[in-house]
Each structure stands twice: as C-alpha cells, then as structure tokens.
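Student: have a look; sequence and predicted model below, questions after that.
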Amino acid sequence: MDFTLQHKDKASSARAGEITTEHGKIQTPIFMPVGTAGTVKAVHQRELENDVQAQIILGNTYHLFLRPGIEVIQKAGGLHKFNGWSKPMLTDSGGYQVYSLAENRKINEEGVAFRSHISGEKLFFTPEYAIDVQRTIGADIIMAFDECTPYPCDYQYAKDSMELTHRWLKRCCDRFDSTEPMYAYHQTLFPIVQGSTYKDLRVQSAETIASFEREGNAIGGLSVGEPHEDMYEMTELVCGILPEDKPRYLMGVGTPENILECIALGVDMFDCVMPTRNARNGMLFTTKGIINIRNAKWEKDFNPIDEDLGGYVSTFYSKAYLRHLKQSNEYLAGMIASVHNLTFYLWLVKQAREHIIAGDFKSWKESKVKQVIQRL
C-alpha cells in the first residue's frame, strides 16, 4: 500500500491524498460504508459502485468468523470473491466486539474469551488469531487487535487497557510479519491508538503506535458516548503526533458534522453505520439538512429526495413516494434511503477534497456544517 499526500489546507490541518492498493486507488478524505457481515445492509454492490461511488468498504472479522465462517470464505477465494466486490476492503479485527460484548467476555493477557451472540458457543480470540482470520478474509487493510474502552472510563482502567493494546500490537505485528497473504495481493496492518479521553494516555499511545512504523494508523476508542468536544480534542492531539506521510483512520465516526470537523483536524479515513442504520429508521441526510421522511410534511412533496445530490436514487424517487414506502413498511424504503444516505456521505467527503485542493476548505466547512445539521 502506498499513500501520497497531495494537498494540505493552509487554514486548517485538512489534507487530500491518495491511497494505492492492489484492488485500486482511494482518494482521501474518504468515507467507507460498513459491510459488517460481507454486505452493506440493503445495498447491492452495483449500487455501491455506480450510485454511491464507494471506493472502499468494510467487513467485520468477528461477524464474518461466525457467519459464514472462515472455511467458507477461504474456499471462495477470499471475501472479494465471495461478495463480488472488486475494490479495496478493510476489516476491523474484532476489537470493537470486545467493547460491545462486555457482558459476555473476559479479557486477560493472552486474549479475549467470549460467547457467540448467535449460538452461545465459547470462543477465544488472541492477537495472533485475529491476524490469521483477517489473512483468510483477505481485506487489503486489516486492523490490529485492541481493546476499545467504554466512556466514561476511569484513568487506571484506561491506562491498563492501553498498555495491553500496545502489547497485543507487538504480537499482531510479529504474526503479520511472519506470515504471507493467503491470496495474490498485498495486505496492510494498521495499529490503533487508544487512551480514552486522557491527554497523557493519548499522547503516549500515539507515540507508541507511530514507533511501529506501519503503513497507516488508526484512532480508536472515540465516538463511544463522549462529548463531541472531547472527540475533537483527542483527535487533534493524536493527529499532531501520528506521521504526516501516512493515512489516519478515525474509527466509527460519525455524523456529517463530525466528519467535516475531523477532516479539518487531519483525519483521512472514516467509517460509521449511521448512514445505513438511520436510513432504515427514516432519517435522511441531504445537501440542505436532515429529513425525517416519516413526517406528514413530506406526504405530498413530489420533489426528488435531493435533486442537488445527483445519483439515480436521490433524483428519481420523490419524498412523497419514499414516505409512502416507509409508512407501508416496504423493504424498498430502507434500500432507497440507504443508497441515498451513502451517496450523500461520499458526496460530502468528495466536496471536502475538492475544497482542500481549491484552497478554501475552512470557509466552506464552516458554512457546510451549519447546513448539514439543520432539521428540515
């Protein structure tokens, strides 16, 4: 994997760059649709490529390990062959599930013991096994195994967890460097910065992660309930330490506002389930603001969902029709809304990139943030 830093904004820390993988190029800043179980919910691959114009999507190691299982994925020739997505992919190591399955797991130095949320079966993940599974899945970018701390989190727990994450990172790197890709293309390992919302821990973790000199770096443990101000403060602090010549990935973030603010702080890559999850509940992100399509005010609005956005779905279907589908509990409602929201997210980061290159990103961002948070 190669990363080329192409432009830097003079009035902020925003950057425009390009990541090159063997499955294609990724122009940054970029938003990555989440395909937890090998699929972006309710969205065809053709729509991801043509309407949404996604450049990279995510898979989740824990969920893919459970279903369909790594034997199936290996027999298919890797996740790219299994789900038919020919562009780059990234897999989360399963570390977030260490956080989300807190009631059903036990952590020790060796790894994490937990039960399958599907069958109740006892499972045990080590850093080495997380790498092995991700080798089998075959994503272009794979993540180190870490513990994502909850918020709020006391200082000692955050410190102990961060240090464990660093020790696990060493084991991940050793396993990654001593093994080969299972398929005929290169894979890249990203470490993850932790440390909750404690400045000294975030500094220590960022410096430790940077010292491993991997091809890219991630920032984890944010967007877990902390105030946005804390997220921005920790992100700015960490981006000031992580190397400039490598991509920075802020995990699990977030709202359109969050993404714009964190681009300004120096982040290159984002992912979040929000555009598809909120779509299924009737919330639409548009170029003019946020719509709850269930509201009666849209019942006789026969204008396109978002005529300024472009894309087939956003310009072909009307708000009134989508509201009718939602009120009727038709599956098509979630499909249309999901494609639309993802199209908006990819449009937003593309606009950010264009304004970074044009040199007016900061002023554009300040006006755009006010627009995207409006409730219509």
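Tutor: On my side now, so go ahead. Numbers count the residues shown, from 1 in each chain.

Student: could you tell me the end-to-end distance of stretch 283-297?
Tutor: From its first residue to its last, stretch 283-297 covers 14 Å (CA to CA, to the nearest Å).

Student: one more: stretch 1-13?
Tutor: End to end - CA to CA - stretch 1-13 spans 23 Å.

Student: so how far is it from its chain's centroid?
Tutor: Here the centre of stretch 1-13 is set off from its chain's centre by 20 Å, with CA atoms, centre = their mean, to the nearest Å.

Student: average pLDDT for that stretch?
Tutor: The average pLDDT for stretch 1-13 rounds to 98.

Student: can you list the low-confidence ranges for the stretch 101-250 of the chain?
Tutor: 101-102 (pLDDT under 70).

Student: okay, now the nearest residue in space to Phe316 that is not next to it in sequence: neighbour count?
Tutor: Leaving aside its chain neighbours, Phe316 sits nearest to Pro304 (7.0 Å; criterion: CB to CB, 6 or more residues apart in numbering). Any C-beta I mention is one placed from the backbone N, CA and C, and that applies to glycine too. Per other CB atoms under 10 Å, the neighbour tally for Pro304 reads 18.

Student: what's the separation between Pro304 and Leu284?
Tutor: Per CB to CB, to the nearest Å, Pro304 is found 12 Å from Leu284.

Student: swap in Ser314?
Tutor: 9 Å.

Student: over to Asn295?
Tutor: 11 Å.

Student: these two - which one has more neighbours?
Tutor: Under the criterion of other CB under 10 Å, the comparison of Asn295 against Leu284 puts Leu284 first, with 24 against 13.

Student: strands of the stretch 51-200 of the chain, residue ranges please.
Tutor: Taking DSSP state E, counting those that start in this stretch to define them, one finds strands in the stretch 51-200 of the chain at 57-60, 89-92, 105-107, 112-115, 122-125, 141-143, 188-190, 192-193.

Student: any buried residues in the fifth one, and which?
Tutor: Within strand 122-125, the residues scored as buried using 16 or more other CB atoms under 10 Å are 123, 125.

Student: that one pairs with which strands?
Tutor: Under the criterion DSSP bridges, strand 122-125 sits next to strand 112-115 (antiparallel) in its sheet.

Student: then the strand it pairs with to CSV, C-alphas only?
Tutor: Output in CSV follows, covering the C-alpha atoms of strand 112-115 (Å, rounded to 0.1, in the frame of the first residue of the first chain):
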residue,chain,number,x,y,z
VAL,A,112,-10.4,-12.4,25.0
ALA,A,113,-12.8,-15.2,25.9
PHE,A,114,-16.4,-14.6,24.9
ARG,A,115,-19.6,-16.3,23.8
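
Student: might you report the residue contacts of the one residue sitting closest to the centre of the chain?
Tutor: For the chain, the residue nearest the mean C-alpha position is Asp271 (1.9 Å; CA atoms, centre = their mean). Contacts for Asp271 (CB atoms under 8 Å, 6 or more residues apart in numbering) come out as 31-34, 58, 90, 249, 251-253.

Student: that older thread, out of the strands of the stretch 51-200 of the chain, which is closest to Gln351?
Tutor: Gln351 lies closest, by CB to CB, to one member of the strands of the stretch 51-200 of the chain: strand 57-60, at 20.4 Å.

Student: which other residues reach the closest one?
Tutor: For strand 57-60, contacts defined as CB under 8 Å, 6+ apart pick out 32-38, 40, 48, 79, 85, 87, 89-92, 94, 96-97, 137, 139, 271.

Student: go with 7 Å
Tutor: With contacts defined as CB atoms under 7 Å, 6 or more residues apart in numbering, strand 57-60 is touched by 32-36, 38, 40, 48, 79, 85, 89-92, 137, 139, 271.

Student: what do you get for stretch 272-288?
Tutor: Outside stretch 272-288, the residues touching it (CB under 7 Å, 6+ apart) are 34, 40-42, 252-256, 290-294, 305-306, 308-309, 326, 334, 337-338, 340-342, 344-345, 371-372, 376.

Student: cutoff 6 Å now
Tutor: Residues outside stretch 272-288 that contact it (CB atoms under 6 Å, 6 or more residues apart in numbering): 34, 41, 252-254, 256, 291-294, 306, 308-309, 326, 334, 337-338, 341-342, 344-345.
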